[in-house]
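Asker: heads up, no residue letters with this:
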C-alpha cells in the first residue's frame with residue numbers, strides 16, 4: 001500500500017510551502033502548547049512562552065495580590081521564500097506591523113542561508129527603523145532540525161508527522177539530504193539472506209522516501225548497511241526473469257543475487273517474493289549500530305547520518321563508524 005502523507009506533494013510554490021510549514025506549527029501546538037514553545041524557542045534561539053502563567057501571592061512592587069494569571073505577549077512574523085529574491089522593503093513593511101508585543105520577531109524562511117553581508121544589511125536596517133524587532137534568517141532544514149528530539153518514541157503520530165514534513169521538504173527540493181540519509185528497515189527471518197546477498201526486498205507499491213544507504217535491522221541493531229547501487233522491480237516466474245530499473249545503475253550484475261534471494265526467501269523464510277516486489281541492491285558492509293531506547297521499531301526509519309558521524313563517504317567507513325555510536 002502506498003504511504004499516506006500528511007503534507008501534499010503536488011506543488012512547491014511558496015503558498016503551498018508556507019501552508020505546509022504552518023500546518024506543522026499548528027499540529028505541534030494543537031498537540032502540546034509546551035512542545036510548541038520548545039519548537040519555537042529552538043528556531044529563534046530565545047525563550048518563547050506559550051500559554052498562561054498562574055502564580056499565587058507574588059510581590060509586584062508594593063502589591064501582593066492573592067493570585068495572578070499572566071499571558072506573555074509575542075508576535076512572530078514569517079516571510080517564506082522558495083525561489084524568489086529577498087526584498088528589503090517588503091521585510092521592513094512587515095517589521096512596521098508590530099505593535100506593543102513584548103517579543104517581536106521577524107523570520108525570513110529560505111532554502112539556504114542568505115549571505116553574511118545580506119544578513120547583516122537586513123538586520124541593521126530592521127534594527128535601525130524598528131529597534132524592538134529581532135530579524136532572523138532560518139532555513140527549512142533548520143525547521144526540521146528544531147523538531148529533532150521534540151517527541152518521545154511512544155508519540156508515534158507526532159513523530160510520523162515530523163518525519164513526513166522532513167520527507168516533504170526533501171521531495172520538493174527545499175533541501176536535499178538524500179546523500180546523507182540512511183533508511184533502516186526491520187527484517188525478520190530474512191535478515192540472514194539480506195546480509196548475505198546485499199539485497200533488501202519489499203512490495204513494489206510500498207512507499208518510501210529517497211535515501212542513499214539502506215540498513216537491515218533486527219534485535220535492536222542495524223546489522224549491515226550498503227549504498228544503493230541499483231533498485232529494480234522484478235517478476236521471476238517459470239524461469240522467466242523480468243526486471244525494470246527503478247533507480248540507480250542499469251546493470252545485470254545483480255541478476256543472480258536477486259534470483260538467489262528469491263529462492264532463499266521461499267525456502268528459508270516462507271516468503272513468496274517472485275512477483276510484485278522491489279529489490280534494493282548494493283555491496284553489504286557489516287556493522288552494529290545499536291538502538292538504545294526501549295522497544296523495537298514499528299516500521300522503516302530514516303536517519304540523517306550527519307547527526308551521528310562526522311564523515312559521510314563510503315559504506316565501508318560508515319559501517320565502522322556506526323559501531324561506535326548509538327541511536328534512539
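Answerer: That came through fine. These numbers were taken from a predicted model, which means no experiment stands behind them.
Asker: list the buried residues in stretch 248-258.
Answerer: 248, 254, 257-258 (16 or more other CB atoms under 10 Å). Every C-beta, even on glycine, is put in place using the N, C-alpha and C of the backbone.
Asker: and the residues you listed, which two are the farthest apart?
Answerer: 248 and 257 (14.3 Å; CB to CB).
Asker: before we move on, the earlier item: out of the buried residues of stretch 248-258, name the ones that lie in strands.
Answerer: Judged by DSSP state E, strands contain the following of the buried residues of stretch 248-258: residue 248.
Asker: among the buried residues of stretch 248-258, which one sits closest to residue 293?
Answerer: Closest to residue 293, out of all of these and judged by CB to CB, is residue 248, at 32.2 Å.
Asker: check what pLDDT that closest one gets.
Answerer: Note on residue 248: pLDDT of 89.
Asker: in which helix or strand does residue 43 reside?
Answerer: Assigned by DSSP states H and E, residue 43 belongs to helix 33-44.
Asker: what helices and strands are in contact with the helix or strand that that helix is followed by?
Answerer: Using DSSP H and E, the helix or strand that follows helix 33-44 towards the C-terminus is strand 52-56. On a contact count with 3 or more CB pairs under 8 Å, 6 or more residues apart in numbering; DSSP states H and E, strand 52-56 meets strand 67-71.
Asker: okay, the angle between the strand it packs on and strand 52-56?
Answerer: 160 degrees (axes from the mean of the first three to the mean of the last three CA atoms, to 10 degrees).
Asker: which neighbours does the next helix or strand along the chain from strand 67-71 have in its sheet, and in what orientation?
Answerer: As assigned by DSSP H and E, the chain's next helix or strand after strand 67-71 is strand 74-80. With DSSP bridges as the test, strand 74-80 is paired with strand 103-110 (parallel).
Asker: shaky segments in the chain?
Answerer: For the chain, applying pLDDT under 70 flags the ranges 1-4, 9-12, 57-60, 176.
Asker: quick one: the helices in it?
Answerer: Taking DSSP state H to define them, one finds helices in the chain at 14-31, 33-44, 88-95, 116-129, 140-147, 156-171, 191-197, 255-264, 315-322.
Asker: and those helices as CSV, adding distance to residue 104?
Answerer: Listed next are these as CSV, based on distance: least, CB to CB, whole Å:
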stretch, distance to residue 104
helix 14-31, 18
helix 33-44, 11
helix 88-95, 8
helix 116-129, 10
helix 140-147, 20
helix 156-171, 26
helix 191-197, 54
helix 255-264, 60
helix 315-322, 44
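Asker: and of the ones you listed, who's closest to residue 307?
Answerer: Among those, the nearest to residue 307 by CB to CB is helix 140-147 (8.8 Å).
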